[in-house]
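Student: The following comprises the amino acid sequence and a computationally predicted model.
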Amino acid sequence: MKRLKLGVLGSGRGSNFVALAAAVAEGKVAAEFVVVGSDQADAKILEEAKNREIPTLVCPNGKYRTKLEEEIEEGLAEQMVKSGVELLILAGYMRVVKRPLLSRFGGAMINIHPSLLPAFPGLRAWEQAWKAGVKETGCTVHWVNEVVDGGSVIRQIRVPVEVGDSAETLHGRIQKAEHCLLPEVVRDLAEGRIPWLKDPRKK
């Protein structure tokens, strides 16, 4: 089976990337990483990628905290295309995706989010859930579109909120679920078990 070419964007520690990389290395996912990028030069995800001899890139920060200027995102999108990315994965990427990435990877870009969307979109979703007093939350992999955390859901895992939980203990259990969910979804996309919105391998 031909390996699906993965690109990853992240802004922080990259724990979901590490979990996915382990699954790929163990032969559980028919994929290969062609590039890992970040908007933060000191993001640990870049170190994790370099340790695995995966090409990395850093885009300029720009002047906004939550989004990149169009010309910066345009350059980022071009580099992803040149790297041969077929599926673009947002794994803790803290910028709102705009037209340049959407025009190239819409239908072939997924995000992992720490709640049962559509509940609790946005930042620190586990804390939102904990403060709301819900009995369960979880994590979601979804297609990325122009609405923040608003793309169609691919798959979810439910995580109960336990008596005595703090926001951070809840977050820890959600992360463990994420580390199972993301490799499963990428595996099933690579094998055709999940329908793509736009499969770049079928041009």
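Tutor: Happy to help now that I have it.
Student: Next, count neighbours for Leu6.
Tutor: By other Cβ atoms under 10 Å, the residues close to Leu6 number 27. All C-beta atoms are positioned from the backbone trio N, CA, C, and that covers glycine.
Student: same thing with Val134?
Tutor: As a burial measure, Val134 scores 15 neighbours (other Cβ under 10 Å).
Student: measure it to Arg158 for me?
Tutor: To Arg158, Val134 is 11 Å away according to Cβ to Cβ, to the nearest Å.
Student: what's near enough to touch Leu68?
Tutor: Residues counted as contacts of Leu68 (Cβ atoms under 8 Å, 6 or more residues apart in numbering) are Asp39, Cys59, Gly62, Leu76, Arg95, Lys98.
Student: Was I right to think Phe17 contacts Glu47?
Tutor: No: counting by Cβ atoms under 8 Å, Phe17 does not reach Glu47; the two are 10.9 Å apart.
Student: These two: who's more crowded?
Tutor: Phe17 (27 against 13).
Student: did I read that right, that one in a helix?
Tutor: Yes: assigned with DSSP: H, G, I helix; E, B strand; the rest coil, Phe17 falls within a helix.
Student: Need the pLDDT of it.
Tutor: On the pLDDT scale, Phe17 is placed at 98.
Student: Low-confidence regions, this structure specifically.
Tutor: Filtered on pLDDT under 70, the chain yields the residue ranges 1, 203.
Student: Give me the sheet partners of the host helix or strand of Val8 and which way each runs.
Tutor: Secondary structure assigned from DSSP states H and E places Val8 in strand 4-9. Strand 4-9 pairs in its sheet with strand 31-38 (parallel), strand 87-90 (parallel), by DSSP bridges.
Student: what about the helices in the chain?
Tutor: Counting by DSSP state H, the chain has these helices, from start to end: 15-25, 44-51, 70-82, 99-105, 125-132, 167-190.
Student: Can you tell me which of those is nearest to His113?
Tutor: Closest of these to His113 is helix 125-132, at 6.4 Å (criterion: Cβ to Cβ).
Student: got the angle for that closest one vs helix 167-190?
Tutor: For helix 125-132 against helix 167-190, the angle by axes from the mean of the first three to the mean of the last three Cα atoms, to 10 degrees is 130 degrees.
Student: Restricting to C-alpha, output helix 125-132 in PDB.
Tutor: C-alpha atoms of helix 125-132 as PDB (Å, rounded to 0.1, in the frame of the first residue of the first chain):
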ATOM      1  CA  ALA A 125     -11.800  23.300  25.800                       C
ATOM      2  CA  TRP A 126     -11.200  20.900  28.700                       C
ATOM      3  CA  GLU A 127     -11.300  23.800  31.100                       C
ATOM      4  CA  GLN A 128     -14.500  25.100  29.500                       C
ATOM      5  CA  ALA A 129     -16.100  21.600  30.000                       C
ATOM      6  CA  TRP A 130     -14.900  21.300  33.600                       C
ATOM      7  CA  LYS A 131     -16.200  24.700  34.500                       C
ATOM      8  CA  ALA A 132     -19.500  23.900  32.900                       C
END
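Student: What helices and strands are in contact with that helix?
Tutor: Under the contact criterion of 3 or more Cβ pairs under 8 Å, 6 or more residues apart in numbering; DSSP states H and E, helix 125-132 touches strand 136-143, helix 167-190.
Student: Alright, calling it a day.
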